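Novice: Provide a 3D model corresponding to the input given below.
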Amino acid sequence: MPCGNGQTLSKREHGVCVPRLSFFPGLLVALCCLEVWGSGPHGGGGGCSPCPVNCSCAPAGPQRLCVVNCSSLGLDRAPAAAEFPPTVNTLDLSKNHISSLDTSLLDRLTGLREL
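Specialist: Here you go, the predicted model:
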């Protein structure tokens, strides 16, 4: 069905032309949506949420433990303990201005192996 702009359409809904998606572009859109849906707003995926604002969180290893990178953000203090996923294995706070850590952060991150 023509729409006036040369596109092939699958149907016309409410006076608006709906383009026909072939299999591969439709699959690409679906895969992109799954990637965005699984990663969360701060880059965390799997069990890596919540993730502190401006930090990046990514699952790593077969147990899908989290690697949290908060380096080079100009932080004066570490994010609050509740902002981290409980599955953090590695936490990078390097190249900031942090002079001390709240003990509640270490209490929450029981799986932390590298700081």
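
Novice: Give me the neighbour count for residue 87.
Specialist: Look at residue 87: counted by other CB atoms under 10 Å, it has 20 neighbours. Where C-beta positions appear, they are placed from N, C-alpha and C, glycine not excepted.

Novice: which residues sit in contact with residue 115?
Specialist: 90, 91, 93 (CB atoms under 8 Å, 6 or more residues apart in numbering).

Novice: and if we set it to 6 Å?
Specialist: Residues near residue 115 by CB atoms under 6 Å, 6 or more residues apart in numbering: residue 91.

Novice: Got the confidence number for it?
Specialist: Note on residue 115: pLDDT of 92.

Novice: Next, work out how far apart it and residue 77 are.
Specialist: 15 Å (CB to CB, to the nearest Å).

Novice: for residue 52, same thing?
Specialist: Counting by CB to CB - residue 52 and residue 77 are separated by 11 Å.

Novice: the more surrounded of the two?
Specialist: residue 52 (21 against 14).

Novice: sorry, back to before: find residues that contact each of residue 52 and residue 77.
Specialist: By CB under 6 Å, 6+ apart, no residue touches both residue 52 and residue 77.

Novice: count of neighbours near residue 78?
Specialist: Per other CB under 10 Å, the neighbour tally for residue 78 reads 19.

Novice: what residues are up against it?
Specialist: Neighbour list for residue 78: 93, 98, 101, 105 [criterion: CB under 6 Å, 6+ apart].

Novice: repeat for residue 108
Specialist: residue 81.

Novice: Would you check how far apart it and residue 50 are?
Specialist: 12 Å.

Novice: Kindly report the same for residue 75.
Specialist: For residue 75 relative to residue 50 (CB to CB), the value is 17 Å.

Novice: I'd like to know which elements the helix or strand harbouring residue 90 is packed against.
Specialist: Element membership of residue 90, judged by DSSP states H and E, is strand 88-92. Here strand 88-92 touches strand 65-69, going by 3 or more CB pairs under 6 Å, 6 or more residues apart in numbering; DSSP states H and E.
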